[in-house]
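Engineer: give the three-dimensional model of this entry:
(4 chains)
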2 protein chains.
Amino acid sequence: MDDKSEERGGGLEPLNSTDRRVRADAQRNSKALLEAAMAVFAASGVDAPVREIADKAGVGVGTLYRHFPQRSDLIVAVFRNEVDACANAASAIAAEYQPGPALARWMQRYVDFIAAKRGLAAAFSSGDPAYESLPLYFLEKLRPALQTLLDAATEAGDVRSDVDAKELLFAIARLCSPDHYGGGPDQARRMVGLLVDGLRYCAPSVGSDV
Amino acid sequence: MDDKSEERGGGLEPLNSTDRRVRADAQRNSKALLEAAMAVFAASGVDAPVREIADKAGVGVGTLYRHFPQRSDLIVAVFRNEVDACANAASAIAAEYQPGPALARWMQRYVDFIAAKRGLAAAFSSGDPAYESLPLYFLEKLRPALQTLLDAATEAGDVRSDVDAKELLFAIARLCSPDHYGGGPDQARRMVGLLVDGLRYCAPSVGSDV
DNA sequence: TGATAAACGGAACAATGTTCCGTATAAAAC
DNA sequence: GTTTTATACGGAACATTGTTCCGTTTATCA
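Structural biologist: The predicted model follows:
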């Protein structure tokens, strides 16, 4: 490995190809843009003007485009960021609650995530190749997270063992999907609650074990 | 009733509030715009530029906006037009085929309609109030059409009797929905075929009647 | 402290939805 | 057939975006 010079800071700043550290303001602005975009998308949907995001982040549009060359790059970044947050929430919740309640809490967390992503569903199926990688990322991050919770709950005897994490993720996403021609987010919440109860139904601690 | 003057033509030109006939060129252009929009939407999706539609119809954008004040008005008009066509196809098919085959044929016709409306599904759930009326129109037109075919097929003993037209419409629409994360239109077609077979399953003429 | 490459900001450009208004014309009145 | 008039037409002009460009600023390094 080729070492060039000792590092000053905490050592977590990535290096550029010509050995120059990434500038601090660039890191700051990138983070600010991501947070601003998250807030604006949540408030006005993914079709919100780019200038609004740049303004909210306190930078010019040029800076925005330097960090996210296409509008879709920003959308993808926000999405991945929120997928990560949702996945990370799993271990945090697992550390704080018993397996059964942890599973139920995380499922509601996941519902919130899905419900907030209304606009993205359209982007997914828009055919734009920029979003092609998202479904895979979604699955690769969230499936293990749910599987872990599921395994723990199964082992604790809180839920049945014959459910597949992937199917559960999709089933919930479908329950939350808006084209039910009526019935808002409350209905989705109720249906998911029902689903969770269903998970408990044949669990050993309830009775009727196989 | 207040009669004003005898009519010249076939008598099917609508009258204006001040008793003036709707100009022939206006009727022509309106129709041309609708057809152009249908073709352009099919080719390039509902996000196609309005100028492209106006050009294809051979009129100026001003004329387009005279007939369809908002972009969404044009989309709505095209959608209703195609819903009508799909609903009308039911009676045409019913006149030409036996009840059982007629049902199967119309279902595939309906699949084509749904598959072509990918872009509109996004518009439906976009929250834009301009599209609020579409689901109702969809249901009010298509449900009776399917119900008629279904009743005829039931009476002929070709299909079972315990299926609801509305549920069937939605089930097919869902089977055709793109967010299956893989599996194209062929899969949708196969699934709908399976559904139709399912309809036949407990029909009297097959056997096991209730 | 000075040199330098990276990053910044926002004006300028391009594409598109929408409005406006002078002109053309179909229908009616005579 | 001519005149009148309300209607419709066309497309330039405007507004709102996404995106690019480049002169200026600045963090980093020697």
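Engineer: mind checking how far the residue in chain A that DNA strand C sits nearest to is from A:Val22?
Structural biologist: Proximity to DNA strand C, evaluated over chain A using CB to the nearest atom of the strand, is greatest for A:Gly62 at 1.9 Å. For the C-beta atoms, the positions are set from N, CA and C on the backbone; glycine is no exception. Distance, A:Gly62 to A:Val22, by CB to CB, to the nearest Å: 18 Å.
Engineer: low-confidence stretches in chain A?
Structural biologist: Counting by pLDDT under 70, the low-confidence segments of chain A come to A:1-19, A:125, A:177-188, A:201-203, A:205-210.
Engineer: anything in the biggest helix by length in chain A near chain B?
Structural biologist: The helix that spans the most residues within chain A, counting by DSSP state H, is helix A:71-96. No: under the criterion of CB under 8 Å from any CB of the partner chain, helix A:71-96 makes no contact with chain B; the nearest approach is 14.3 Å.
Engineer: now for that helix, which elements pack on it?
Structural biologist: In this structure, helix A:71-96 packs against helix A:24-44, helix A:50-57, helix A:99-116, helix A:118-124, helix A:134-155, with contacts taken as 3 or more CB pairs under 8 Å, 6 or more residues apart in numbering or on different chains; DSSP states H and E.
Engineer: just want the angle from it to helix A:99-116.
Structural biologist: Orientation check (axes from the mean of the first three to the mean of the last three CA atoms, to 10 degrees): helix A:71-96 against helix A:99-116 gives 160 degrees.
Engineer: next, the buried residues of helix A:71-96.
Structural biologist: Applying a neighbour-count criterion of 16 or more other CB atoms under 10 Å in any protein chain shown, the buried positions in helix A:71-96 are A:71-72, A:74-79, A:82-83, A:86-87, A:89-90, A:93-94.
Engineer: A:Val59 looks like it's in a helix, true?
Structural biologist: No: with the criterion set as DSSP: H, G, I helix; E, B strand; the rest coil, the secondary structure at A:Val59 is coil rather than a helix.
Engineer: pull the contacting residues for it.
Structural biologist: The contact partners of A:Val59, by CB atoms under 8 Å, 6 or more residues apart in numbering or on different chains, come to A:29, A:32-33.
Engineer: go with 10 Å
Structural biologist: Going by CB atoms under 10 Å, 6 or more residues apart in numbering or on different chains, A:Val59 touches A:25, A:28-30, A:32-33, A:36, A:53, A:66-67.
Engineer: a markdown table for the residues you listed, including neighbour count?
Structural biologist: Formatted as a markdown table, these follow (neighbours: other CB atoms under 10 Å in any protein chain shown):
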| residue | neighbour count |
| --- | --- |
| A:Asp25 | 10 |
| A:Arg28 | 13 |
| A:Asn29 | 20 |
| A:Ser30 | 19 |
| A:Ala32 | 18 |
| A:Leu33 | 24 |
| A:Ala36 | 21 |
| A:Ile53 | 27 |
| A:Arg66 | 14 |
| A:His67 | 19 |
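Engineer: keep only the residues you listed that also lie close to DNA strand D.
Structural biologist: A:Asp25 (CB under 7 Å from any atom of the strand).
Engineer: which pair of the contacts of A:Val59 spans the longest distance?
Structural biologist: Between all members of the contacts of A:Val59, the longest pairwise span (CB to CB) is found for A:Asp25 and A:Ile53 and amounts to 17.7 Å.
Engineer: skip the chain neighbours and tell me the closest residue to the spatially most central residue of chain A.
Structural biologist: In chain A, the C-alpha nearest the mean C-alpha coordinate belongs to A:Val83, at 1.6 Å (CA atoms, centre = their mean). Setting aside the residues directly before and after it, A:Val83 is nearest to A:Lys141 in space (CB to CB, 6 or more residues apart in numbering or on different chains), at 5.0 Å.
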